[in-house]
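>>> sequence and predicted structure, then a few things I'm wondering about:
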Amino acid sequence: MPVALVCMSHSPLLRFAEPPAEVRAAVDDAFGRVREFVADYDPTLVVSFAPDHYNGFFYELMPPFCVGYEAESVGDYGTQLATLDVATDVAERLAAHVMGHDIDMAISRRMRVDHGAVQPLEVLFGGITAKRVVPVFVNGVARPFTSMRRIGQMGAAVGDFVRGLDERVLVIGSGGLSHDPPVPQWATANPAQREMLLSLTEPTNEARRAREQRVIDAAKRFAAGEADIMDLNPSWDEAFMDLLASGQLEKIDGYQPAEMAAEAGNSAHEVRTWVAAFNALAASGPYEVIDRFYRPIPEFIAGFGVMTARVAGVETCPR
Ligand SMILES: O=C(O)CCC(=O)/C=C/C=C(\O)C(=O)O
Ligand SMILES: [Fe+2]
């Protein structure tokens with residue numbers, strides 16, 4: 001059955017920063033095109049590969065990837081607070097399928113997702129309960145990271161399952177590209193931050209707002225050239241998107257975590273979701289990229305990209 005793909009950056013600053021009008025218009029334009037692509041395709045099921053930012057997954061127990069059988073959002077950065085319409089039966093079968101193909105997929109019967117998973121659903125569907133979804137967490141912030149090759153294999157195993165479904169599946173990859181927002185790192189975290197990184201202690205509204213304000217303030221300083229965080233790396237981003245567009249996914253297998261962080265920032269590991277999504281699509285055959293957008297947007301602390309793709313030669317549009 002048909003498979004289509006949307007990969008897109010997310011940003012906690014989407015509602016809290018004002019890039020130059022021309023940049024905001026270009027992003028809105030790209031979002032408009034991707035919405036049109038998805039509306040034409042009219043998926044019956046979404047498989048969403050998304051990272052988390054210590055709102056649902058913590059160092060107490062940090063899997064490289066995990067399928068949610070049930071999921072609720074935490075409502076961070078003004079995103080929707082709701083229970084997702086998880087296709088539990090499909091999620092269970094997906095986990096069993098990939099585990100049967102030697103991928104040690106973790107599962108959660110009570111997954112929490114944050115803006116990383118929620119924003120694409122909001123942008124594409126106007127809300128997070130609009131479509132049946134299978135959420136797949138992919139660790140993109142917490143060292144150590146599994147190899148990029150393994151992420152590709154996981155994505156391919158998911159894609160192998162998906163192509164056997166009697167559904168119109170949209171795979172989403174959320175996050176990336178080059179960026180280095182102020183997500184605490186265990187090695188340099190203070191005791192209070194380590195407590196936060198370790199385990200879920202439900203933050204008060206006040207604590208959550210303070211946590212968010214720290215990121216919003218950092219973005220303002222970054223856009224003014226005053227923040228002590230890594231620059232965006234448009235050439236790294238374009239080279240990565242070139243590889244995805246070329247179909248040579250195996251060339252991404254060799255990306256090394258330390259080099260990724262050094263060249264593109266600590267949160268560049270979120271591109272793992274894109275790699276999983278493209279490999280899932282590629283399991284259905286050679287694909288073609290339909291649309292590609294990229295802008296380095298310091299106000300969002302993000303090399304901000306959007307790509308859409310579908311299996312080549314297969315008419316995914318019902319009209
Ligand atoms: O609250 C914290 O300390 C974590 C900060 C955070 O959530 C930052 C998120 C950044 C992104 O999602 C991103 O730029 O991809
Ligand atoms: Fe993120």
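Nice, thanks for sending it over. Ligands and ions are numbered 1, 2, ... in the order given.

>>> please count neighbours and contacts with C-alpha atoms only from this point.
Fine.

>>> now do the helices in the protein.
Ranges of helices within the chain are 21-41, 88-100, 115-125, 148-162, 191-198, 205-223, 234-246, 257-264, 271-282, based on DSSP state H.

>>> Ser11 contacts Glu299, doesn't it?
No - counting by CA atoms under 8 Å, Ser11 stays clear of Glu299, with 9.6 Å between them.

>>> ok, back up a step: please tabulate the helices of the chain in CSV and include mean neighbour count, mean pLDDT and distance to ligand 1 as additional columns.
Shown next, in CSV, are these (neighbours: other CA atoms under 10 Å; pLDDT from 0 to 100; distance: least, CA to the nearest ligand atom, whole Å):
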stretch, mean neighbour count, mean pLDDT, distance to ligand 1
helix 21-41, 16, 98, 16
helix 88-100, 17, 98, 25
helix 115-125, 22, 98, 6
helix 148-162, 23, 98, 18
helix 191-198, 16, 94, 8
helix 205-223, 16, 94, 5
helix 234-246, 17, 98, 14
helix 257-264, 16, 98, 12
helix 271-282, 29, 98, 10
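
>>> now these in a markdown table, with distance to Thr308?
Listed next are the helices of the chain as a markdown table, based on distance: least, CA to CA, whole Å:
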| stretch | distance to Thr308 |
| --- | --- |
| helix 21-41 | 7 |
| helix 88-100 | 23 |
| helix 115-125 | 12 |
| helix 148-162 | 16 |
| helix 191-198 | 33 |
| helix 205-223 | 27 |
| helix 234-246 | 10 |
| helix 257-264 | 22 |
| helix 271-282 | 10 |
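
>>> distance of His115 relative to Phe300?
14 Å (CA to CA, to the nearest Å).

>>> ugh, wrong one, I meant Ala280
For Ala280 relative to Phe300 (CA to CA), the value is 28 Å.

>>> could you do Val271 as well?
Following CA to CA, the distance that separates Val271 from Phe300 is 16 Å.

>>> and if you look at Thr88?
34 Å.

>>> how far off centre is stretch 52-64?
15 Å (CA atoms, centre = their mean, to the nearest Å).

>>> I'd like the average pLDDT over it.
Averaging pLDDT along stretch 52-64 gives 97.

>>> go on, stretch 287-305?
98.

>>> could you check how far the residue in the stretch 51-200 of the chain that ligand 1 sits nearest to is from Asn266?
Here the stretch 51-200 of the chain gets closest to ligand 1 at one residue, Val183, 4.3 Å apart by CA to the nearest ligand atom. The gap separating Val183 from Asn266 is 8 Å, by CA to CA.

>>> and what of Phe304?
Phe304 is 15 Å from Asn266, by CA to CA.

>>> what sits against Lys251?
Leu243 (CA atoms under 8 Å, 6 or more residues apart in numbering).

>>> swap that for Val98, please
104-105, 154, 157-158, 161.

>>> one more time with 10 Å, if that's ok
The contact partners of Val98, by CA atoms under 10 Å, 6 or more residues apart in numbering, come to 104-105, 153-161.

>>> Thr204: how many residues sit nearby?
9 (other CA atoms under 10 Å).

>>> so what pLDDT did it get?
89.

>>> buried stuff in stretch 174-187?
174-184, 186 (16 or more other CA atoms under 10 Å).

>>> list the ones among those residues that fall in strands.
Ser174 (DSSP state E).

>>> mind putting the buried residues of stretch 174-187 into CSV with pLDDT?
Conversion of these to CSV gives the following (pLDDT from 0 to 100):
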residue, pLDDT
Ser174, 98
Gly175, 96
Gly176, 87
Leu177, 98
Ser178, 98
His179, 98
Asp180, 97
Pro181, 96
Pro182, 94
Val183, 95
Pro184, 94
Trp186, 97
